[in-house]
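Enquirer: Sharing a model prediction with you, sequence too.
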Amino acid sequence: MRRTSRRRWLFRFLAIGIGLAVGLTCLEIFLNYSPPVALRIRGSRISLPTNSQTVITNDQIAGIDPEITQTRNALGFRGPDPPDDFPSHLTIVAVGGSTTECFYLSDDKTWPTQLAAELATEFPKLWVNNAGLDGHSTYGHLHLMQQYLTTLQPDVALFLVGLNDVGRSAPRTYDDLRRDSGFLKRAYLHCVDFSATLALIENYRRHRKATNLGIVHTNVDHEQLKLSAQDPQQVSDQQRSHILENHRAEHLEPYRQRLRDLIALARTHDIEPILVTQPALYGTGVDPETQVDLSQVRVGDVNGAVQWEILELYNDVTREVAGEQDVFLIDLAAQLPKNSAFYYDYHHFTNRGAEEVAKRVATELRTFLHDRFSPQHRPRTETAQ
């Protein structure tokens, strides 16, 4: 009887195991050929969807299109495919996080696309792509450079940086792709590299973590801005000093080194790096649309004035590294007006905001590009594909 019982249980476990294996195999096949969402991170690799188009219906956020069309080219970037005669073009790739990707702006409304339109008359053979990835900090930018741009070798890489590096001395949830961790983590990431099921689970985990940390798009309309300013977050001088000192002691030097690494990697592959500082709605001054004192709005656990001081610590590092490394700098943080018409939350641009960013970046870039990349000044005649 005992043998019969054991055999019965053995067969049951075997049947369950076979059923699970068959089910997981079917799920893998389905997710590989018809994934419910486009996964942009597979374990330790950036894996961008290519030749695809997504249409998003918007009925909540003012200042952007009611129907948003987002198209990915053969590289997985936003913008036109690389031209066949790539080396004969002036080629620019914008790299950054969500404020570069402009996820909730239509293809023709993102600031890199509008930048191309601003420069097209002066540079007829111009190719501009948007390689921004929502949530990526300079950790993620280094991976993107290594996996994509060092092979593509555009003439210029525009880095809009700083926001996603605030408070970071380790990779954040969306760009934690390193393999220099423990054996179990490396083994897990290796499995995720090849499993669509695990990749979906891992991306969901990252999204939940990002949501809990507040690293997501929100909608801060004019009424919310007014309400926020009416109940400001009080921060004592002692609290402010402690917060700023913590960033100086823990996070600024690692950020400085990552910028240096980005610049060195770009230059090693004959790519001209350009740094762009990160603007934000909060800070000193009054919003012309709502008459709200932007220093008093609530931003997380602090007010707008303190949060701007924090972001400016990172912008200052960007400015310093640009000077130290002789890198062209566009100080967008100092130039873009603090106007709620330009933002649908504290950081992300509306259609008007992206247009304004494109105009200001183009104004800064024109002379530099003419001097550096006009036919008689082009630093190279061949480009690796």
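Expert: All right, it came through fine.
Enquirer: partners of residue 299 in the sheet?
Expert: residue 302 (DSSP bridges).
Enquirer: Count the neighbours of it for me.
Expert: 24 (other CB atoms under 10 Å). C-beta: built from backbone N, CA, C; applies to glycine.
Enquirer: what pLDDT does it get?
Expert: Confidence at residue 299, expressed as pLDDT, is 89.
Enquirer: do the same with residue 226
Expert: In this prediction, residue 226 has a pLDDT value of 75.
Enquirer: Repeat that for residue 247.
Expert: 96.
Enquirer: I'd assumed residue 131 was in contact with residue 73.
Expert: No: with contact defined as CB atoms under 8 Å, residue 73 does not reach residue 131; the gap is 10.5 Å.
Enquirer: Please say which of those two ends up with more neighbours.
Expert: In terms of neighbours (other CB under 10 Å), residue 131 is the more surrounded of residue 73 and residue 131; the figures are 28 against 17.
Enquirer: how close does the more buried one get to residue 228?
Expert: 33 Å (CB to CB, to the nearest Å).
Enquirer: Strands along the stretch 101-250 of the chain, start to end?
Expert: For the stretch 101-250 of the chain, strands defined by DSSP state E, counting those that start in this stretch occupy the ranges 126-130, 156-160.
Enquirer: Need the residues that contact the last one.
Expert: For strand 156-160, the surrounding residues in contact (CB atoms under 8 Å, 6 or more residues apart in numbering) are 90-97, 99-100, 112, 132, 141, 145, 149, 262, 266, 271-276, 278, 330, 332, 361, 369, 373.
Enquirer: Output the below-cut-off pLDDT ranges for the stretch 1-150 of the chain.
Expert: Scanning the stretch 1-150 of the chain for pLDDT under 70 picks out 1-4, 22-45.
Enquirer: Mind doing that once more with 80?
Expert: 1-17, 19-45 (pLDDT under 80).
Enquirer: follow-up on the earlier one: tell me which of the strands of the stretch 101-250 of the chain sits most buried.
Expert: strand 156-160 (a mean of 25; mean count of other CB atoms under 10 Å).
Enquirer: so how far is it from its chain's centroid?
Expert: In terms of CA atoms, centre = their mean, to the nearest Å, the centre of strand 156-160 is set 12 Å apart from its chain centre.
Enquirer: Over to stretch 69-88?
Expert: With CA atoms, centre = their mean, you get 18 Å for stretch 69-88.
Enquirer: What average pLDDT does stretch 167-182 get?
Expert: Here the average pLDDT along stretch 167-182 is 56.
Enquirer: An error on my part: the question was meant for stretch 356-369.
Expert: 97.
Enquirer: Listing request: residues of the stretch 201-350 of the chain with sub-threshold pLDDT.
Expert: 201-233.
Enquirer: how does it look with 50?
Expert: 207, 209-215 (pLDDT under 50).
Enquirer: circling back to that earlier point, keep only those of the contacts of strand 156-160 that are in strands.
Expert: Residues of these located in strands (DSSP state E): 90-96, 272-276, 330.
Enquirer: Mind putting the residues you listed into TSV with neighbour count?
Expert: Converted to TSV, the ones in strands among the contacts of strand 156-160 look like this (neighbours: other CB atoms under 10 Å):
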residue	neighbour count
90	21
91	23
92	26
93	27
94	30
95	32
96	30
272	20
273	21
274	24
275	25
276	28
330	23
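Enquirer: now, among the residues you listed, which is nearest to residue 78?
Expert: Of all the ones in strands among the contacts of strand 156-160, residue 94 has the smallest distance to residue 78: 9.1 Å, by CB to CB.
Enquirer: ok, what's across the strand from the closest one?
Expert: residue 130, residue 158.
Enquirer: ok, so what distance separates it from residue 326?
Expert: Using CB to CB, which is the criterion applied here, residue 94 is 21 Å from residue 326.
Enquirer: now swap in residue 333 and tell me
Expert: 20 Å.
Enquirer: Kindly report the same for residue 347.
Expert: Taken as CB to CB, the span from residue 347 to residue 326 is 29 Å.
Enquirer: Have a look at those two and say which one is more surrounded.
Expert: More crowded of residue 347 and residue 326, by other CB under 10 Å: residue 347, with 21 against 7.
Enquirer: my guess is the more buried one is in a strand, correct?
Expert: No: looking at residue 347 with DSSP: H, G, I helix; E, B strand; the rest coil, it is coil, so not inside a strand.
Enquirer: Cheers, nothing more for now.
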